[in-house]
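> model the structure of this input:
(one chain, ligands or ions: 2)
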Amino acid sequence: MRVLLASSEVHPFSKTGGLADMSAGLAKALGRAGHQVRVVTPLYRGILQRFPEIRREDWRFDLPLGAGRIQAGLYSIQLRDNLVVSFVEQAFFYDRNGYYMDHNADYPDNDARFIFFSKCVAHLARYLPAAPEIVHVHDWQAALVPALISHEKRAGWGRGERPPATCLTIHNLAYQGMFPGTSFGLTDLPREYFTPDRLEFFGLLNCLKAGIVFADAITTVSPRYAREILTEEYGCSLDGILRKRAARLRGILNGADDEDWNPGTDAYLERHFTASRPAGKTANKLALQREMGLAQENGIPLFATISRLAGQKGMDIQLAALEEMLNANMQFVLLGAGENAFEHGYRALSARFPGKAAIRFGYNEALAHRIEAGCDFYIMPSRFEPSGLNQMYSLRYGAIPIVRATGGLDDSVVDLTEDGRRANGIKFYDYSPRPLAKAIRKALALYECPGLLAQYRRNAMKADFSWNRTIREYLEVYETAKNAASRP
Ligand code: ADP
Ligand code: GLC
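Residues are numbered from 1 along each chain as shown. Ligands and ions are numbered 1, 2, ... in the order given. Okay, here's the model as predicted:
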């Protein structure tokens, strides 16, 4: 199948979170399975310097954007035989310090930046020499594409070829790309598209809603989150429209890239280890304790979290639970970046428990790998979690995840009470510090039973999150989308 995949982040070129890992992993897996894939993403600052092999293409965009016209170029890199990543070059829009924000404030022209990006994607879908059969867009930044394509189809697609079917993947319903109603003018769609059953949301333009309404198929990144977003509690005010489109919605758990995240080959690690030869994990733990300035003792259980410091991630209940639990014989490591209030909270925690809580702020890929390899337990107490990747990386690296049973965390971790033979983690249910503290206490008890801990670790490291399983489901969705698109 020929697939055009649009995402505002693609690892290793750009990344602020799991979206980058997921879009890159999906593209790679589809390419490996013999499909022809082109990924489109913005050319952010620094990408050309870090990847000088990326080449300018003979392609020029000159597209309307509201009252004006904007020109842009296209750069590409061929990663494998049938996998190309293309970058939209528009210096004013994308050559900036951040992708979406600077100094904790969103760029005021994010509407123009990503409506323009979506227009470039729709343009490629229509004019690329190898016309795609599926245009698969990710999150709000590309979610206008299905509406743009649907409009062009109605106006007559031309070329004598079948127009592509569209698929939207929602990675996080909390981010919808909402802008003042006046921003609708930038889409250059006729006024009739700006109604409550289409792109309008209480007078605002809602880009994600556009995708939900117009995509031939909608997916989200775990089966449980697909059910959750149909409820008022998790639906972020779009549950009504999602319920209307429920027949088109499917939850598919993300895969985890086994080239980037493999403790048997990971270049960042002190020592490699595998499920059948797990001994090397101890060397990584001691090295991590040294790196983080903690006492180097294998006997002390080491807990860790790597996260965006945001409300979604449960940082408030984690701070409160650790305040209580760090009095026990345990160590804690945090790598994170995000909201100031949480940074203050962790700084205060490490000041109160010197030598027990080690905190690093900022984004550090190498350290993230060393933490997964070195820690015994990985804490992920999310308020909601569409899929979550770190718990999968933890499982693969033999770190037992302690998770709140929500979204993809519930779908990927098995608690002792669910299936003793497959148990690989610890779950808690209510969103509050007490149940989390209790889960940490369970982990401390587990650490005292080496045989049981080894069993959990074996189960964890053997859990299958390969992309091969995941793309089979995406290919089914693509077929359904094609059938839906061909119906008048
Ligand atoms: P989300 O996308 O909601 O942030 P995920 O669990 O899907 O959550 O993915 C997060 C990804 O970002 C993981 O690959 C994780 O290792 C990485 N990550 C998050 N924060 C940092 C950080 N401070 N430094 C390095 N990697 C990070
Ligand atoms: C979002 C979600 C996260 C998911 C990631 C990749 O960032 O918050 O749960 O793993 O997208 O799909």
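> how about the contacts made by the closest residue to ligand 2 within the stretch 151-300 of the chain?
Of all residues in the stretch 151-300 of the chain, the one sitting closest to ligand 2 is His171 (3.3 Å; C-beta to the nearest ligand atom). Any C-beta I mention is one placed from the backbone N, CA and C, and that applies to glycine too. For His171, the contacting residues are Gly18, Leu19, Met22, His138, Asp139, Thr220, Val221, Pro386, Ser387, by C-beta atoms under 8 Å, 6 or more residues apart in numbering.
> next one: it from Glu339, what distance?
Distance of His171 to Glu339, given as C-beta to C-beta, to the nearest Å: 19 Å.
> same thing with Ala165?
39 Å.
> out of those two, which sits in the more crowded spot?
Ala165 (25 against 16; other C-beta atoms under 10 Å).
> so the more buried one sits against Ala217, correct?
Yes - between Ala165 and Ala217 there is a contact at 7.3 Å, judged by C-beta atoms under 8 Å.
> shared neighbours of those two, which are they?
With contacts defined as C-beta under 8 Å, 6+ apart, the residues adjacent to both Ala165 and Ala217 are Tyr478, Ala481, Ala484.
> which members of these are positioned in helices?
Tyr478, Ala481, Ala484 (DSSP state H).
> count of neighbours near the last one?
Residue crowding around Ala484 was assessed by other C-beta under 10 Å; the count is 16.
> pull the contacting residues for it.
So Ala484 contacts Ala165, Asp216, Ala217, Arg248 (C-beta under 8 Å, 6+ apart).
> any idea which of the ones in helices among the shared contacts of Ala165 and Ala217 the model trusts least?
Ranked by pLDDT, these bottom out at Ala484 (92).
> quick one: that residue from Val85, how far?
On the measure of C-beta to C-beta, Ala484 and Val85 end up 28 Å apart.
> and what of Ile241?
32 Å.
> between those two, which one's more packed in?
Val85 (24 against 19).
> what's next to the helix or strand containing that one, contact-wise?
Assessed by DSSP states H and E, Val85 sits inside strand 83-89. Residues from elsewhere that reach strand 83-89 (C-beta under 8 Å, 6+ apart): 10, 13, 27-28, 30-31, 37-43, 47, 54, 56-57, 61, 72-79, 94, 117, 120, 124.
> out of those residues, which end up buried?
10, 13, 27-28, 30-31, 37-43, 47, 54, 61, 72-77, 79, 94, 117, 120, 124 (16 or more other C-beta atoms under 10 Å).
> near ligand 1 too, which of the residues you listed?
For ligand 1, no contacts are drawn from the buried ones among the contacts of strand 83-89 by C-beta under 6 Å from any ligand atom.
> out of those residues, which sit inside helices?
Ala27, Lys28, Leu30, Gly31, Ile47, Tyr94, Phe117, Cys120, Leu124.
> check these against ligand 2, which are close?
Okay, of those, nothing touches ligand 2 (C-beta under 6 Å from any ligand atom).
> pick the one among those residues closest to Asp415.
Taking C-beta to C-beta as the measure, Asp415 lies nearest Lys28 of these, at 31.3 Å.
> got a pLDDT number for Pro488?
62.
> whoops, Gly160 was the one
Predicted confidence (pLDDT) for Gly160: 66.
> same question for Ser222.
Value for Ser222, per-residue pLDDT: 98.
> just among the contacts of Ala484, which is most surrounded?
Ala217 (27 neighbours).
> who does it form a beta bridge with?
Cys167 (DSSP bridges).
> how about the contacts made by it?
Contacts for Ala217 (C-beta under 8 Å, 6+ apart) come out as Ala165, Thr166, Cys167, Leu168, Arg248, Arg250, Val477, Tyr478, Thr480, Ala481, Ala484.
> so what pLDDT did the closest residue to Val333 other than its chain neighbours get?
Spatial nearest neighbour of Val333, chain neighbours left out: Ala304 (4.4 Å); criterion: C-beta to C-beta, 6 or more residues apart in numbering. We note a pLDDT of 98 for Ala304 in this prediction.
> what sits against the residue in the stretch 1-150 of the chain that ligand 2 sits nearest to?
Nearest residue of the stretch 1-150 of the chain to ligand 2: Gly18, at 2.9 Å (C-beta to the nearest ligand atom). Gly18 makes contact with His171, Asn254, Ser387, Gly388, Leu389, according to C-beta under 8 Å, 6+ apart.
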